[in-house]
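Trainee: All I have is the shape, not the residue letters:
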């Protein structure tokens, strides 16, 4: 991981993964940012308006979309990872006074989600009422997240082209700056 601090307040982040042989596919290659709860609103330029994944984005449209962390949490019977967006060029996360951060692509579009619960909290709750009180806003910036699969109702796996091979190198490059 390399950080580049710029004099104008921008922070460049580059995360490189060399690839490791003999490992299973990776579910996601990403950075998670834990922000204060009040930074709950977000606006992004990418594929939307609804959640979409690399194997489920043909119906999504490129545009400028806005939502909140709470609205982005899907009401699935069992809490789970949700709210992903693909093809994101910029993401701004902000409070009611419009203070916050902007995450921008440095080289190629990224994937992202903004949620009121961490991946750990979502994975460890069996039902929505078991999720803890919202204390933070969790921003995930991903180079890639694997697809969701399920082409049929019998649990079809993710197609190979939507998986993330662990033996392939990956890079995530973004610019973080104060919201202008």
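Mentor: Looks like it arrived, so ask away. What you see is a predicted model, and the numbers here were worked out from it, not measured in a lab.
Trainee: Make sure residue 34 is indeed in a helix.
Mentor: No: membership of residue 34 in a helix is not supported by DSSP: H, G, I helix; E, B strand; the rest coil, which gives strand.
Trainee: Run through the bridge partners of the closest residue to it other than its chain neighbours.
Mentor: Using Cβ to Cβ, 6 or more residues apart in numbering and skipping residues adjacent in sequence, the residue nearest residue 34 is residue 136, 5.2 Å away. No exception for glycine: its C-beta is placed from N, CA and C like everyone else's. Per DSSP bridges, the residues bridged to residue 136 are residue 36.
Trainee: residues in contact with residue 136?
Mentor: By Cβ atoms under 8 Å, 6 or more residues apart in numbering, the residues touching residue 136 are 34-37, 116, 118.
Trainee: Equivalent analysis for residue 9, please.
Mentor: 177-178.
Trainee: Check what pLDDT it gets.
Mentor: pLDDT recorded at residue 9 is 93.
Trainee: just residue 1 next, same as before
Mentor: In this model, residue 1 carries a pLDDT of 96.
Trainee: Count the neighbours of residue 31 for me.
Mentor: 17 (other Cβ atoms under 10 Å).
Trainee: give me the low-pLDDT residue ranges for the protein?
Mentor: For the chain, the stretches with pLDDT under 70 are 153.
Trainee: bridging residues for the residue nearest the centre of it?
Mentor: When Cα atoms, centre = their mean is applied to the chain, the residue found nearest the centroid is residue 112 (2.4 Å). Beta-bridge pairing for residue 112 (DSSP bridges): residue 85, residue 141.
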